[in-house]
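Undergrad: Show me the folded form of this:
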Amino acid sequence: MEVKIEASWKDQLSNEFEKDYFKSLIDFVKSEYATHKDGIFPKGNEIFKAFDACPFDQVKVVILGQDPYPTRGHAHGLCFSVEPHVRPLPKSLNNIYKELETDLGITPRDNGDLRHWADQGVFMLNSVLTVREGEANSHKNKGWEKFTDAVIEKLAEKREGIVYILWGSKAQEKGRVVNASKNKIITSPHPSPLSSYRGFFGSKPFSQTNAYLTSIGKEPIRW
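TA: As a prediction, the model looks like this:
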């Protein structure tokens, strides 16, 4: 199946694109875009934006999210990130910025666009890559989870020296295939308002990430 995705990822995932579940998934997604005009997020050309922004061999950090924001104008293909114009910021992202300021003293940006992270090798992957407007988890159990499991497995198999930031139990479950002796795994509760005070605040994921990257001779992330 012909999939428009960054070349190095296309090479790594070409076998996955030929599997029956993926073909069924794409049929479902196409039907959703056709049936719900302008009501499926992100835009079709941004579904694989996390991959396009961060080639396979350039991944230094993996952040796992759940599914895209279901609010119109928010999702643009990178987990937790939103388009620059979005106000107010989603609550989880606001909490991420709060922890970033506490951890590294970085004043929160005036917008929620995290593309500058992706440009430095931060692979911001949702478990599910599409969603229907106003209906969180509306595209779960359609095949995306199997695909993104394969993505993490491919990274775990062929790359090492990567930081995996796993916020919440779902992300931690997805990251179980990663070899902790060859990578850095950072876990904490999710930054959502429901769980952020159970250990997300004070977890210092950003300084931990940069300390590890520096220790193995890689450039730290300019968060």
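Undergrad: Give me the buried positions along stretch 148-158.
TA: For stretch 148-158, the neighbour count (16 or more other C-beta atoms under 10 Å) marks Thr148, Ala150, Val151, Ile152, Lys154, Leu155, Ala156 as buried. No exception for glycine: its C-beta is placed from N, CA and C like everyone else's.
Undergrad: what sits against the residue nearest to the spatial centre of the chain?
TA: Closest residue to the average C-alpha location of the chain: Leu125 at 2.2 Å, with C-alpha atoms, centre = their mean. When contacts are counted by C-beta atoms under 8 Å, 6 or more residues apart in numbering, Leu125 touches Ala50, Val62, Ile63, Leu64, Gly65, Cys79, Thr148, Val151, Ile152.
Undergrad: So which of those sit within strands?
TA: Val62, Ile63, Leu64, Gly65 (DSSP state E).
Undergrad: From Thr214, how far out is the residue of the chain positioned farthest from its centre?
TA: Centroid-distance maximum for the chain: Thr35 at 26.3 Å, with C-alpha atoms, centre = their mean. According to C-beta to C-beta, to the nearest Å, Thr35 and Thr214 sit 49 Å apart.
Undergrad: again, but for Glu99
TA: 20 Å.
Undergrad: quick one: which of the two has more around it?
TA: Comparing Glu99 with Thr214 by other C-beta atoms under 10 Å, the one with more neighbours is Glu99, at 19 against 11.
Undergrad: Look at that one and report its pLDDT.
TA: At Glu99, the pLDDT value in this model is 98.
Undergrad: swap in Lys37?
TA: 89.
Undergrad: which SSE is it in?
TA: For Lys37, there is no host helix or strand (DSSP states H and E).
Undergrad: wait, what's in contact with Glu160?
TA: Asn179, Lys182, Asn183.
Undergrad: That one falls within a strand, correct?
TA: No: according to DSSP: H, G, I helix; E, B strand; the rest coil, Glu160 belongs to no strand; its state is coil.
Undergrad: How confident is the prediction for it, by pLDDT?
TA: Reported pLDDT for Glu160: 98.
Undergrad: tell me the strands in the chain, going along the chain?
TA: Assigned by DSSP E, the strands in the chain fall at 40-41, 61-65, 122-126, 131-132, 163-167, 184-188.
Undergrad: so what's the residue nearest to the centre of the chain bridging to?
TA: Legend: beta-bridge partners of Leu125 under DSSP bridges are Leu64.
Undergrad: Report the separation between it and Ala118.
TA: From Leu125 to Ala118 the distance is 10 Å (C-beta to C-beta).
Undergrad: Please enumerate the shared neighbours of the two.
TA: Counting by C-beta under 8 Å, 6+ apart, the contacts common to Leu125 and Ala118 are Ala50.
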